[in-house]
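A.B. asks: I would like the atomic coordinates for the input below:
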Amino acid sequence: MGTLLAVCVVHQLLPDPGTVGTTAIDKRPVDGPVKVGRFGVYADVQADRKHHGGERQAVYAYAQEDADWWAAELGREIPAGRLFGENLRTRGLDVSNARVGEQWRIGSVLLEATAPRNPCMTFARHMGLENDGWVKRFADAGRLGTYFRVLRPGTLRAGDPIEPVHVPADAPTVREADAGPGRPTD
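C.D. replies: Here you go, the predicted structure:
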């Protein structure tokens with residue numbers, strides 16, 4: 001069991017020199033119950049649905065434990081949603097090692113793990129690390145977070161327990177599914 005620490009939605013769209021021209025990576029926690037539909041958290045925006053969104057990447061979760069690790073590595077705080085752009089900040093579950101097809105119940109919502117985050121240059125620019133190899137560094141650390149599809153829409157809120165209700169033993173973790181040359185799997 002884990003805990004949902006924060007539910008985050010877009011704070012503001014920011015200009016970005018990439019091909020889309022804007023980014024919705026700046027997300028902030030919201031209070032109270034939040035609806036989740038098949039395309040994600042209500043009041044959220046995905047500026048680039050080709051690479052970050054749609055039904056297979058409707059909700060992005062990131063673990064507080066991984067954010068704390070990055071905070072120590074980078075020497076700065078990693079507040080929920082603001083820098084990494086996650087919709088859900090969790091505690092108590094190894095989000096980056098969720099198995100593909102693993103299902104989590106949070107509030108009345110049922111989510112299914114589909115893929116890891118693939119870091120991009122928009123993310124690097126947002127972090128202010130576009131010239132420091134951030135994309136490779138983030139990927140190589142294996143602390144990617146996980147995208148989920150919404151199997152059952154509903155409502156969730158910060159403080160809700162996260163209950164893994166189905167974990168396919170024979171499926172790779174999202175981290176293993178992403179493993180390529182130079183990518184860690186342990």
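
A.B. asks: Please name every helix or strand in contact with the strand or helix carrying E176.
C.D. replies: According to DSSP states H and E, E176 maps onto helix 174-178. Helices and strands touching helix 174-178, by 3 or more Cβ pairs under 8 Å, 6 or more residues apart in numbering; DSSP states H and E, are strand 109-116. For glycine as for every other residue, the C-beta is placed from the backbone atoms N, C-alpha and C.

A.B. asks: How far away from the center of its chain is the helix or strand that the strand it packs on is followed by?
C.D. replies: Using DSSP H and E, the helix or strand that directly follows strand 109-116 along the chain is helix 121-127. Computed by Cα atoms, centre = their mean, to the nearest Å, the chain-centroid distance of helix 121-127 equals 15 Å.

A.B. asks: For the helix holding E176, give the mean pLDDT please.
C.D. replies: Mean per-residue pLDDT for helix 174-178: 80.

A.B. asks: Need the contact partners of that helix.
C.D. replies: For helix 174-178, the external contacting residues (Cβ atoms under 8 Å, 6 or more residues apart in numbering) are 96-100, 113-116, 118, 139, 142, 144, 146-147, 184-185.

A.B. asks: Turn the buried ones among these into a named ChimeraX selection, would you?
C.D. replies: What follows is the ChimeraX syntax selecting those of the contacts of helix 174-178 that are buried according to 16 or more other Cβ atoms under 10 Å:
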select :96,97,98,99,100,113,114,115,116,139,142,144,146,147
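
A.B. asks: residues in contact with Q12?
C.D. replies: D26.

A.B. asks: hey, where'd the helices end up in this protein?
C.D. replies: Per DSSP state H, the chain has helices spanning 64-74, 121-127, 134-141, 174-178. These are given in chain order.

A.B. asks: Of the ones you listed, which is nearest G85?
C.D. replies: helix 121-127 (7.2 Å; Cβ to Cβ).
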